[in-house]
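**Q** below are the sequence and a predicted model; questions follow.
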Amino acid sequence: MATVLPSDFRRGMALVLDGAPHLLEDFYSSGTAKFKQKVHARLRHLRTGRILERTFADNEQVEVAELEQRRVQYSYKQDTTYVFLDAETFEPYELTEEQLGDRRWFLKENEEYAALFLEGRILDVVLPAHVVLEVVETGPAQRGTADSTWKPAKLETGLEIMVPLFIESGEKIRVDPNERKYVGRESTGKKG
């Protein structure tokens, strides 16, 4: 397998640590002219879904996993298992709630997603930058807070976020899955 130095890290890269694939979610460098550079990384174990913080020396060689990307369709959830079908072969693949983590709140049945595979096994699902979800229930405005223009809303997947006061039940909104925040209304072509 190929190796890289921490200076070549990119978000979304799959690194092999202790024999297991980890997705590089975020990283930053620290150090001065007097002290050696270090790269601090936040990684997600692709088989278990656990988050790991790790520091790399600037000259440390790290193995890179060769991931394959395929289109899959989210089919259904059974207990704590999410079932996806390969978009071309219709072969079923399973990921657990633990492997998916908070990304499970953004999955919609019958929607297609990019999936990461290693040696023929599904490891992860990649979400788009914004996900369109329907508001199923909204609460009253949050009074007495510094920002009283927001209210809680429950979305079709069960996720609860804060939305502006003008958002009503039944509306479709765009949500940033990384920040778990309201981004805007989904335009439906209707005036209003």
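**A** Good, I have the coordinates.

**Q** show the backbone phi and psi for residue 101.
**A** According to degrees, to the nearest 10, the main-chain angles of residue 101 amount to phi 60, psi -140.

**Q** I figured residue 170 hits residue 137, correct?
**A** No: using Cβ atoms under 8 Å, residue 170 is not in contact with residue 137; the gap is 9.9 Å. Every C-beta, even on glycine, is put in place using the N, C-alpha and C of the backbone.

**Q** what's near enough to touch the residue of the chain positioned farthest from its centre?
**A** Largest separation from the mean C-alpha position in the chain: residue 34, at 37.2 Å (Cα atoms, centre = their mean). Listed by Cβ atoms under 8 Å, 6 or more residues apart in numbering, the contact set of residue 34 is empty.

**Q** residue ranges of the helices in this structure, please?
**A** Secondary structure of the chain (DSSP state H): helices at 97-100.

**Q** so who does residue 182 touch?
**A** Counted by Cβ under 8 Å, 6+ apart, residue 182 has contacts 161-164, 167, 173-175.

**Q** quick check: bridge partners of it?
**A** Counting by DSSP bridges, residue 182 is bridged to residue 175.

**Q** quick one: it from residue 106, how far?
**A** 13 Å (Cβ to Cβ, to the nearest Å).
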